[in-house]
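Peer 1: structural data only, the sequence is not supplied:
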C-alpha cells in the first residue's frame, strides 16, 4: 500500500513539473510586456466590463492574441 502511494505521488509530481516547464516555454503567452499604454488599459477594462475574464482580455488587448468567435 505504501509503495503504491509513493509511486502515485512521484508520478503526479512529475506531471506537475512537466506541465510547469511546458507552460514556461510558451513565449507568446508568458513573455514580459515592457509597458502598458492607456489604450491597452482601457481595452482591458472595457473587455472585462463586457463579462470576459481578465486572462482573455489581457491576452487580446495587451498581447494581441484575440480569440476568433
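Peer 2: Received it, and whenever you're ready, just let me know what you need. Because the structure is predicted, anything quoted here is derived from the model rather than measured. Numbering: from 1, shown residues only.
Peer 1: from now on I want contacts and neighbour counts done on CA atoms only, so please keep to that.
Peer 2: Noted.
Peer 1: give the contact list for residue 60.
Peer 2: When contacts are counted by C-alpha atoms under 8 Å, 6 or more residues apart in numbering, residue 60 touches 66, 67.
Peer 1: and it, how far is that from residue 37?
Peer 2: Noted for residue 60: a distance of 14 Å to residue 37, by C-alpha to C-alpha, to the nearest Å.
Peer 1: and for residue 65?
Peer 2: Taken as C-alpha to C-alpha, the span from residue 65 to residue 37 is 16 Å.
Peer 1: higher neighbour count, those two?
Peer 2: Neighbour totals were compared for residue 65 and residue 37, and residue 65 leads with 14 against 9 (other C-alpha atoms under 10 Å).
Peer 1: these two touch, right, that one and residue 55?
Peer 2: No: using C-alpha atoms under 8 Å, residue 65 is not in contact with residue 55; the gap is 10.8 Å.
Peer 1: what sits against residue 40?
Peer 2: 61, 62.
Peer 1: so it, which state does it fall into?
Peer 2: State at residue 40, reduced to three classes by DSSP: H, G, I helix; E, B strand; the rest coil: helix.
Peer 1: now do the one helix or strand residue 48 maps to, average pLDDT.
Peer 2: Following DSSP states H and E, one finds residue 48 within helix 38-49. Here helix 38-49 scores 94 as its mean pLDDT.
Peer 1: measure the closest residue to residue 36 other than its chain neighbours to residue 53 for me?
Peer 2: On the basis of C-alpha to C-alpha, 6 or more residues apart in numbering, the spatially nearest residue to residue 36 that is not a chain neighbour turns out to be residue 62, at 7.3 Å. Distance, residue 62 to residue 53, by C-alpha to C-alpha: 14 Å.
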